[in-house]
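Q: Structure for the following, please:
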Amino acid sequence: MIDLDDEPDQDKRIDKLRSALEELGGGPSQHPELSADLEEAFLKHILAFETAEPTTLLQWLENAGLEVPPPDQLDDAQLKAKIWEVINRLASLGAFLHKTNHLSDRELYSYLFDEGLREDAVLFPEDPSYVFKDLPKSPYG
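A: Numbering: from 1, shown residues only. This is a model prediction of the structure:
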């Protein structure tokens, strides 16, 4: 990540951000309608995302102290409690599920355990404006 703390000029900070993004293989399209403050914040966010090391959602959960046992080790009552624990912990990290109402608790938990939580994700839990909600499509429909 580039150090912008010593640069008092916002235009120069924006230029540094654009240069850093270009070095990574491209830069965002320009949006002249954005204020300089919004553009700088936007570019910082893109650079943070592009330079972050992806980690699986399962690793994020485990790092947060949540144990995620295999579905076959849980009876229906334990599974129902665990899936809500997983969903709430994911939400606290800025990761949300969507379009899952058609799945039973066991189908959803099995999908999350076998696939969804094993996908790489870039999360910024310290930034409540960032949301990761793009879990892959469930094989259950």
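
Q: Sketch out the low-pLDDT regions of the protein for me.
A: 1, 3, 27-29, 51, 123-141 (pLDDT under 70).

Q: Show me it divided up by domain.
A: Using automatic domain parsing, the domains assigned to the chain come out as 10-51, 55-121.

Q: All the helices of the protein, residue numbers only.
A: 10-23, 36-51, 57-63, 76-93, 105-114 (DSSP state H).

Q: Just put those helices in CSV and tack on mean neighbour count and distance to K99.
A: Backbone N, C-alpha and C define where each C-beta goes, glycine included. Below are the helices of the chain laid out as CSV (neighbours: other CB atoms under 10 Å; distance: least, CB to CB, whole Å):
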stretch, mean neighbour count, distance to K99
helix 10-23, 15, 32
helix 36-51, 15, 24
helix 57-63, 17, 17
helix 76-93, 15, 14
helix 105-114, 19, 11
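
Q: want to throw those helices into a markdown table with distance to L4?
A: Conversion of the helices of the chain to a markdown table gives the following (distance: least, CB to CB, whole Å):
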| stretch | distance to L4 |
| --- | --- |
| helix 10-23 | 5 |
| helix 36-51 | 8 |
| helix 57-63 | 27 |
| helix 76-93 | 26 |
| helix 105-114 | 38 |
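
Q: who wins for proximity to V122 among those?
A: Among the helices of the chain, helix 36-51 comes nearest to V122, with 5.6 Å by CB to CB.

Q: Tell me which of the domains of the chain lies nearest to I2.
A: domain 10-51 (5.0 Å).

Q: Check the offset of that closest one from the chain's centre.
A: With CA atoms, centre = their mean, to the nearest Å as the basis, domain 10-51 stands 20 Å off its chain's centre.

Q: what do you get for stretch 46-65?
A: That offset, for stretch 46-65, works out to 7 Å (CA atoms, centre = their mean).

Q: And A91, how far from L61?
A: 12 Å (CB to CB, to the nearest Å).

Q: do E115 as well
A: Taking CB to CB, one finds E115 at 14 Å from L61.

Q: Please apply the same query to D75.
A: Applying CB to CB to D75 and L61 gives a distance of 21 Å.

Q: before we move on, what about P70?
A: 14 Å.

Q: Same question for S35.
A: S35 sits 37 Å away from L61, taking CB to CB as the criterion.
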